[in-house]
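# model this:
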Amino acid sequence: MGARCWTRGGGERTSPASDPRPLRVVLADDQREVRAALRLLLEQEEGLDVVAEAASVPDLLDLVTVTPCDLVLFDWELSGGPARLLVSALRASRPGLRLVALGSQPEDSATAVRLGADAYASKAGGAAELLHVLTGVRSRTSLCGRM
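Next comes the predicted model:
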């Protein structure tokens, strides 16, 4: 059985992205080792380009205002503020930005999507699940909000 994730707009999609441009990703996690592992994983995938990293909510909010990006992959428990306010602030500053929450509590998935994240991936799900979620988020619509 394939990986399961919650997504806004419903359903899991695995079709390849139709946009040939790389998806520009900002990573946000307060643990440097986690960011390094995510960067290593994503940079091995065709069509994903990690363009910046943040270690806290304030850093992330500053970064997305000056960094051209298409997607933010962020720790649901990122230090510096509650995730619900982070999602709202990101939606307000960059409405077309795709948001993928990454967390350790499966019960947070429905909450993350209800509050505005495009998808949620479990840290326990491993690399395959995360890549599946990112493919699904990218495949749903063409890239928007490019700077």
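# What segments of the chain are helices?
Along the chain, the segments classed as helices by DSSP state H run 32-43, 57-66, 83-93, 108-114, 126-140.
# In CSV, list those helices along with mean pLDDT, distance to residue 99 and mean neighbour count.
Every residue, glycine included, has its C-beta placed from N, CA and C. Shown next, in CSV, are these (pLDDT from 0 to 100; distance: least, C-beta to C-beta, whole Å; neighbours: other C-beta atoms under 10 Å):
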stretch, mean pLDDT, distance to residue 99, mean neighbour count
helix 32-43, 96, 15, 14
helix 57-66, 96, 10, 17
helix 83-93, 93, 6, 17
helix 108-114, 92, 9, 18
helix 126-140, 89, 9, 19
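# how about these in TSV, adding distance to residue 21?
As requested, the helices of the chain are exported to TSV (distance: least, C-beta to C-beta, whole Å):
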stretch	distance to residue 21
helix 32-43	15
helix 57-66	18
helix 83-93	21
helix 108-114	26
helix 126-140	11
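# and residue 38, what does it touch?
27, 29, 50, 73 (C-beta atoms under 8 Å, 6 or more residues apart in numbering).
# Show me the two of the residues you listed that sit farthest apart.
Maximum pairwise distance among the contacts of residue 38 (C-beta to C-beta): 12.1 Å, between 29 and 50.
# Much appreciated, bye for now.
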